[in-house]
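**Student:** Below is the structure, and that's it, no one-letter string:
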Ligand SMILES: Cc1cc2nc3c(=O)[nH]c(=O)nc-3n(C[C@H](O)[C@H](O)[C@H](O)COP(=O)(O)OP(=O)(O)OC[C@H]3O[C@@H](n4cnc5c(N)ncnc54)[C@H](O)[C@@H]3O)c2cc1C
């Protein structure tokens, strides 16, 4: 009994497997003790992490003296290392903030001053002629710009998935489809978490529950204001010529957001958006798009780049920013011993995540007396990706396993071998395959490959096709056989 209690005191429950919780679990696995990662969805990274601008920000948008400013700059510096270790795409392409009228010059100068105070490297102010020379495709009315070379782009869900894979390899217990419904506190300290499946004695709890972080804090009796979902709508374009996507383009920011952007994606597309609209409590977590929001996203993007290839739009979607009252992240220790916040993860939460994870894991390890584990490995073996592979390497892959020669998703050239590997690594749904392999992410948006992905999922997991879903319970694609 005594040894059970001792063991529980060295156990940490991380609530939420978005990019923040995933990286925290991975960092905690550097230390001794046990780590449980609870996620209510059937897969990793399906919350805020799934739908955002995917920019690794430089930090100049943040206010000096804030946690978001400090951790954005620190997170940006960690990104190349973390993405290299985990085999996740990261491209440091830089960004321009465009001033499109004389009245906007001061805002760009202010961003540079803020950035320099925060220690953002390489910032430079450019005049209109220099911007037109570098970026012939942007609005010719541009009068000045801030150039920020450290801005990058990544794939947030790929980072969350890779971090969880690496965390599990290092001993973290992943509990998918398991919602935390209670946090037991006795004598002012955390003792256990309860889920639909059972109760787990723990010495520490990390609240990385995204939009639900205010409700998780309430379960532990930690008073926090409501998190406001702030919806951002986007248009996604594919197959965009490189001349139209050399760098991220920002307008000058609004009091509410960074404005509507033109963002290259790591796989050759462009994102236009996001808009910014706060949801009322009765709207819940509504992620549907609206005609008005999408028109605003397109108009805002056209203000930066007048000649956008709108015929290449393949998808509209929306994400919800978890906006904390006060505007800054909620981080670290709270009034309840053992209950830690990693919450209020508005933008730049993705960028800051590696730095948040490193700092918070060290804080928890210190509080629980956990030592570093010499056997920790930061490296994950990335799965083979056929698209972009030189022909000789593709041939070698096919020689090893002929399934890498059978194309399933024609738009993104994804093979049966890659889908089988994704299933081996944990994909159980059509979206699970899509987010791991990009099958269904291309021009036809799954129109020609979804049935084959479904059949492969059924074959590889020994289920009937009727039992395979898009996103878990309630999203089956087929309801029965007609013959
Ligand atoms: C429109 C938009 C644009 C953005 N652009 C950028 C950007 O370009 N750069 C940047 O740095 N940041 C950006 N962000 C912010 C960034 O996306 C977030 O900070 C980050 O994804 C937050 O990750 P998270 O892990 O905290 O949350 P989430 O990804 O939401 O993860 C929380 C998880 O907790 C789970 N959960 C909730 N309740 C429970 C429970 N009771 N039990 C178990 N699990 C639970 C949820 O299912 C979810 O998977 C943007 C956000 C939005 C919405």
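**Tutor:** Received it, and whenever you're ready, just let me know what you need. All values derive from a computational prediction rather than experimental measurement. Residues are numbered from 1 along each chain as shown.

**Student:** what residues does this protein put near the ligand?
**Tutor:** Counting by C-beta under 6 Å from any ligand atom, the positions of the chain adjacent to the ligand are 15-21, 38-41, 46-49, 52-55, 57, 156, 179-180, 208-212, 216, 232, 274, 319-321, 345, 347-351. (Each C-beta comes from the backbone N, C-alpha and C, glycine too.)

**Student:** Now list the buried members of the residues you listed.
**Tutor:** The neighbour-count test (16 or more other C-beta atoms under 10 Å) applied to those identifies 15-21, 38-41, 46-49, 52-55, 57, 156, 179-180, 208-212, 216, 232, 274, 319-321, 345, 347-351 as buried.

**Student:** Quick check, the residue in the stretch 101-250 of the chain closest to the ligand?
**Tutor:** residue 210 (2.4 Å; C-beta to the nearest ligand atom).

**Student:** Chain neighbours aside, what residue packs nearest to that residue?
**Tutor:** Here the nearest residue to residue 210 in space, its sequence neighbours aside, is residue 47; by C-beta to C-beta, 6 or more residues apart in numbering that works out to 4.3 Å.

**Student:** how many neighbours does the nearest residue to residue 290 once chain neighbours are set aside have?
**Tutor:** Taking C-beta to C-beta, 6+ apart, and ignoring the residues beside it in sequence, residue 290 has residue 233 as its nearest neighbour in space, at 6.8 Å. Summarising burial for residue 233: neighbours were counted as other C-beta atoms under 10 Å, giving 26.

**Student:** Can you show me the strands along the stretch 1-150 of the chain?
**Tutor:** For the stretch 1-150 of the chain, applying DSSP state E, counting those that start in this stretch gives strands covering 11-15, 34-39, 55-56, 90-91, 95-99, 124-127, 144-148.

**Student:** Relative to residue 301, which of the ones you listed is closest?
**Tutor:** With distances scored as C-beta to C-beta, the stretch of those nearest to residue 301 is strand 95-99 (11.8 Å).

**Student:** elements contacting that closest one?
**Tutor:** In terms of contacts (3 or more C-beta pairs under 8 Å, 6 or more residues apart in numbering; DSSP states H and E), strand 95-99 is packed against helix 105-118, strand 144-148, strand 248-250.

**Student:** the inter-axis angle of that strand versus strand 144-148?
**Tutor:** Relative orientation of strand 95-99 versus strand 144-148 (axes from the mean of the first three to the mean of the last three C-alpha atoms, to 10 degrees): 160 degrees.

**Student:** Please list the outside residues in contact with strand 95-99.
**Tutor:** The list of residues contacting strand 95-99 from outside it, by C-beta atoms under 8 Å, 6 or more residues apart in numbering, reads 55, 58, 60, 105, 107-108, 111, 126, 131, 135, 138-139, 142-148, 151, 247-252, 304.

**Student:** Give me the sheet partners of it and which way each runs.
**Tutor:** Looking at strand 95-99 with DSSP bridges, its partner strands are strand 144-148 (antiparallel), strand 248-250 (parallel).

**Student:** Out of the buried ones among the residues of the chain next to the ligand, which sit inside helices?
**Tutor:** Among those, DSSP state H puts 19, 20, 21, 156, 216, 349, 350, 351 in helices.

**Student:** which one among these gets closest to the ligand?
**Tutor:** If you rank those by distance to the ligand using C-beta to the nearest ligand atom, residue 349 comes first, at 2.0 Å.

**Student:** Quick one: residues contacting the closest one.
**Tutor:** With contacts taken as C-beta under 8 Å, 6+ apart, residue 349 has the following neighbours: 19, 20, 48, 322, 329, 356.

**Student:** Next one, pLDDT for the second one please.
**Tutor:** Model confidence at residue 20, expressed as pLDDT, equals 98.

**Student:** same check, this time on the one 10 residues further on
**Tutor:** Residue 30 is assigned a predicted lDDT (pLDDT) of 98.
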